[in-house]
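Asks: what shape does this take:
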Amino acid sequence: HELAASTLAARVAASARADPYAVVQTGLGVLGGPLHGGASYGAERLLAEVGEPCQAARVITDRVRRGERVPGFGHRVYNNGDGRGGALLDLVKEAAPGHERVAAGVAVLAEMRRRRLPERNIDFALAVLTAVGGMAAGAGEAIFAVARAAGWLAHAMEEYERGSLLRLRASYTGPPIT
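Replies: Residues are numbered from 1 along each chain as shown. Presented below is the predicted three-dimensional model:
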């Protein structure tokens, strides 16, 4: 899965010997942006727009016509669909067969596939889960953060054993310095 932004930040904090609470706090700070952990909120809003499965085509069409990215779809690493999202969606479908929000989610998936647009990711699966569970808006981000915290702590343990400060290399690309 490579290193997500929040995981990299947590690793850097741990390499500086930040305590485990600070490591998780660092990960949470980065996770809070709309391009990372907050991305599930956009998917939640998308799913909320689909009041009934028959509205999925219109909702997707409107986004595409406006030139917007469809939240909950596409991933920089998983070009053929995020396996985590597929696994979670399968569990939600099994736990709530026939639920109206599952049906809306399935209709959105079908419309995206019909148009050959990017596959679903974990954010879309979290949107379906939180809708089925009747959770508060934004709950997907909290679930995502709890799931990530265990990984951040595992990365921290590796950094503590490594014993050296993680320092990333960078090259200056600005105007020549005179």
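
Asks: where does this structure have low pLDDT?
Replies: Applying pLDDT under 70 to the chain picks out residues 1.

Asks: next, name the residue at the spatial heart of it.
Replies: Geometric centre of the chain, nearest residue: Asp123, 4.4 Å, by CA atoms, centre = their mean.

Asks: can you pull the contacts of that one?
Replies: Contacts for Asp123 (CB atoms under 8 Å, 6 or more residues apart in numbering) come out as Ala39, Ser40, Gly42, Ala43, Pro71, Gly72, Gly85, Gly140, Phe144. Backbone N, C-alpha and C define where each C-beta goes, glycine included.

Asks: now render those as JSON lines, adding neighbour count.
Replies: Formatted as JSON lines, the contacts of Asp123 follow (neighbours: other CB atoms under 10 Å):
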{"residue": "Ala39", "neighbour count": "23"}
{"residue": "Ser40", "neighbour count": "28"}
{"residue": "Gly42", "neighbour count": "20"}
{"residue": "Ala43", "neighbour count": "28"}
{"residue": "Pro71", "neighbour count": "21"}
{"residue": "Gly72", "neighbour count": "30"}
{"residue": "Gly85", "neighbour count": "25"}
{"residue": "Gly140", "neighbour count": "28"}
{"residue": "Phe144", "neighbour count": "20"}
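
Asks: which element is the residue nearest to the centre of the chain on?
Replies: Asp123 belongs to helix 122-132 when assigned by DSSP states H and E.

Asks: over to Val59?
Replies: helix 56-65.

Asks: gap between Tyr41 and Ile143?
Replies: Distance of Tyr41 to Ile143, given as CB to CB, to the nearest Å: 12 Å.

Asks: to clarify, my last question referred to Asp90.
Replies: 16 Å.

Asks: quick one: which of those two has more around it?
Replies: Ranked by neighbour count (other CB atoms under 10 Å), Asp90 and Ile143 place Ile143 first, with 18 against 11.

Asks: what's around the nearest residue to that one once chain neighbours are set aside, how many residues?
Replies: Leaving aside its chain neighbours, Ile143 sits nearest to Leu126 (5.9 Å; criterion: CB to CB, 6 or more residues apart in numbering). Taking other CB under 10 Å as the criterion, the count of residues near Leu126 is 30.

Asks: identify the residues contacting Leu126.
Replies: Going by CB under 8 Å, 6+ apart, Leu126 touches Ser40, Ala43, Glu44, Leu88, Gly140, Ile143, Phe144.
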